[in-house]
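1. The sequence and its predicted three-dimensional model are supplied below.
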Amino acid sequence: MVNAAQSAFPSLQIRAIQYPSKANKPVVVLGDNDDILVRLRANKVYLDPASADVLAIQKAADLPIVARIKDTADSLHFGNFAGLGTKLIWAVFGCLMTCICMAGLYMNWLRVKRKQPSLLQWFGIMGAVSVLLVCCSLLLTTQTFSVRQAPAKLYSPVL
């Protein structure tokens, strides 16, 4: 199947293979091309699971403008389009935005503190509900990921 996908789309650097979950679905071979700022899902080769015949080829360059923008948004959002340097810059700016939010909360606390309210009065009812929701979601996330295990048998080769 990999050979059929590679011969149909020679410039595709294969990164993943998605096997079908139903009998009438195709095998999808995903990879990178020379296109800039696109996700892995932008370049695909659809193959028949029984005969390995090429059913369709999707190239990022041929996508409509809305689909291209959707595939570009993730690369820009996560900063994974130019290597480790870009990711580090994105991480620094993410930390700066967090610091700015914390500074805003601190400045608001100083402003309200002059009136001598308690913490519950400063938060209000919605603040208390928000804190409760955050604590519940953290507890649920901790429980979910502590139970999760890797499958014993891998169905797809690691590329």
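-> Cool, got the structure.

2. and the residue nearest to residue 28 when sequence neighbours are not counted, how far is that from residue 62?
-> Distances taken as C-beta to C-beta, 6 or more residues apart in numbering place residue 18 nearest to residue 28, at 4.2 Å, with adjacent residues excluded. Glycine gets a C-beta too; all of them are placed from N, C-alpha and C. Relative to residue 62, residue 18 is positioned 20 Å away (C-beta to C-beta, to the nearest Å).

3. More neighbours: which of those two?
-> Neighbours were counted for residue 18 and for residue 62 using other C-beta atoms under 10 Å; residue 18 has more, 15 against 11.

4. Quick one: residues contacting the more buried one.
-> 27-30, 156 (C-beta atoms under 8 Å, 6 or more residues apart in numbering).

5. could you measure it against residue 34, distance?
-> Distance from residue 18 to residue 34, by C-beta to C-beta: 22 Å.

6. that older thread, out of the contacts of residue 18, who's the most crowded?
-> residue 29 (26 neighbours).

7. Which strand residues bridge that one?
-> Bridge pairing for residue 29 (DSSP bridges) gives the partners residue 17, residue 45.

8. measure it to residue 67 for me?
-> Counting by C-beta to C-beta - residue 29 and residue 67 are separated by 18 Å.

9. Find the nearest non-adjacent residue to residue 130, please.
-> Distance criterion C-beta to C-beta, 6+ apart; nearest residue to residue 130, sequence neighbours excluded, is residue 123 at 8.0 Å.

10. is it true that that neighbour touches residue 131?
-> Yes: here residue 123 lies in contact with residue 131, judged by C-beta atoms under 8 Å, at a distance of 7.1 Å.

11. any idea what residue 52 is structurally, helix, strand or coil?
-> Residue 52 falls in the coil class when you classify it by DSSP: H, G, I helix; E, B strand; the rest coil.

12. ok, then the element right after the host helix or strand of residue 104?
-> Per DSSP states H and E, residue 104 falls inside helix 84-113. Later in the chain than helix 84-113, the nearest helix or strand by DSSP H and E is helix 119-147.

13. Okay, angle between that following helix and helix 84-113 too, please.
-> 150 degrees (axes from the mean of the first three to the mean of the last three C-alpha atoms, to 10 degrees).

14. buried ones in helix 119-147?
-> In terms of neighbour count (16 or more other C-beta atoms under 10 Å), helix 119-147 has no buried residues at all.
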